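# Return atomic coordinates for the entry below.
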Amino acid sequence: MSHWNPVPFAQQLLDLFASLLLLIAFAMLSQRRILTLIHLFAWQGLILTLSIADSAWLTHQPHLYYSAVLTLIIKVLILPLLLHRLIRRLDVVWDVETLINIPTTMLVGIGLVVFSFNLALPISHFSSTILRNTLGIALASVLLSFMMMITRRKAVPQVIGFLALENGLFLAATSATYGMPMVVELGVALDVLVGMFIFGIFFFQIRETFDSLDIRHMEKLREE
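As a prediction, this is how the structure comes out:
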């Protein structure tokens with residue numbers, strides 16, 4: 001009598017989670033509303049949490065369970081809550097303004113995905129982990145998040161893009177080396193939280209000075 005082997009199912013789940021992360025990165029790239037961006041970031045954190053937990057079960061790496069819990073607390077609960085409170089305090093009700101139109105942005109995003117998979121292909125051959133298949137998706141998520149940062153005119157979406165970029169880097173680290181040491185992960189998590197408080201102060205200073213969060217106003221300081 002044959003027994004059911006859970007490893008192939010876990011591998012399929014991991015590929016599914018990685019694909020969902022890539023779809024969410026595309027959705028964030030094309031999204032115009034701030035609240036929806038925050039919700040997508042929270043969903044991305046949740047999918048990343050499930051992906052890390054699945055990786056822990058698949059690879060028998062106990063420290064990845066702690067990473068999953070840390071990701072859940074910070075990126076699904078704390079950071080979206082801080083972002084919600086921040087935009088309420090700033091009374092942000094406008095849509096996200098992009099430097100280029102959405103169709104062009106999506107076409108460039110598709111090109112970045114193709115580039116990422118071609119770049120990750122030779123690298124994954126040198127990786128000994130069974131999670132190396134998700135490395136291309138992780139690199140694509142990083143590049144899409146970086147593109148979201150450079151194509152936004154407002155400060156808040158750029159910060160969300162930065163946080164999403166960190167999610168992609170975390171997935172890449174998990175894919176290539178089964179994650180980072182716990183001390184490093186705690187340090188990164190603390191840096192992200194401190195960075196959020198600094199960004200919040202920075203937002204209020206921009207709002208008080210220019211009565212807007214459009215970063216184009218920063219060019220006036222350089223001209224003066």
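# Could you look up the SS state of I100?
coil (DSSP: H, G, I helix; E, B strand; the rest coil).
# For it, which non-adjacent residue is spatially closest?
Using CB to CB, 6 or more residues apart in numbering and skipping residues adjacent in sequence, the residue nearest I100 is T151, 5.9 Å away. Quick note: C-beta positions are derived from backbone N, CA and C, even for glycine.
# measure that neighbour to I47 for me?
From T151 across to I47, the span is 23 Å (CB to CB, to the nearest Å).
# Torsion angles phi and psi at the residue nearest to I100?
phi -100, psi 0 (degrees, to the nearest 10).
# That one and I73, how far apart?
T151 sits 30 Å away from I73, going by CB to CB.
# Now do the contacts for the residue nearest to I100.
L29, T98, L99, I100, T105 (CB atoms under 8 Å, 6 or more residues apart in numbering).
# Among these, which one is most surrounded by other residues?
Most neighbours among the contacts of T151, by other CB atoms under 10 Å: L29, with 23 neighbours.
# which residues touch I47?
F17, L20, L21, I24.
# between these, which has the most around it?
For these, neighbours tallied by other CB under 10 Å; top is L21, 25 neighbours.
# Beyond the strand or helix carrying that residue, next helix or strand please.
Element membership for L21, per DSSP states H and E: helix 6-30. The helix or strand immediately downstream of helix 6-30 is helix 34-59, counting by DSSP H and E.
# So for the closest residue in space to V113 that isn't next to it in sequence, what pLDDT did the model give?
Counting by CB to CB, 6+ apart, V113 lies nearest to A140, which is 4.5 Å off, once chain neighbours are set aside. pLDDT, A140: 90.
# Now for A140, how many residues are close by?
A140 has 26 nearby residues by other CB under 10 Å.
# before we move on, what about the one 4 residues further on?
The number of residues packed near L144 is 26, by other CB under 10 Å.
# One more: S175?
Under the criterion other CB under 10 Å, the count of neighbours that S175 has is 28.
# low-scoring stretches of this structure, by residue?
1-8, 92-98, 124-132, 176-224 (pLDDT under 70).
# Would you mind measuring from V114 to L121?
Counting by CB to CB, the gap from V114 to L121 is 11 Å.
# What are the boundaries of the helices in the chain?
6-30, 34-59, 63-71, 79-90, 102-126, 135-150, 155-177, 182-210, 218-223 (DSSP state H).
# tell me which residues in the second one are buried?
Right, helix 34-59. Buried residues in helix 34-59, defined by neighbour count with 16 or more other CB atoms under 10 Å: 34, 37-59.
# Next: the third one.
For helix 63-71, a neighbour-count test (16+ other CB under 10 Å) marks L64, S67, A68, L70, T71 as buried.
# just those residues now: which is nearest H84?
For the buried residues of helix 63-71, the residue nearest H84 by CB to CB is T71; the value is 18.6 Å.
# tell me the contacts of the closest residue to the closest one other than its chain neighbours?
Excluding its sequence neighbours, the residue lying closest to T71 (CB to CB, 6+ apart) is T49, at 4.7 Å. Remark: with contacts taken as CB under 8 Å, 6+ apart, T49 is in contact with A68, T71, L72, K75, V76.
# The last one and Q44 touch, don't they?
No. Taking CB atoms under 8 Å as the definition, V76 is not a contact partner of Q44, at 9.1 Å.
# Return the distance of the nearest residue to S19 once chain neighbours are set aside relative to P62.
Nearest residue to S19, sequence neighbours excluded (CB to CB, 6+ apart): I137, at 6.9 Å. Plainly put, I137 is 25 Å away from P62 if you go by CB to CB.
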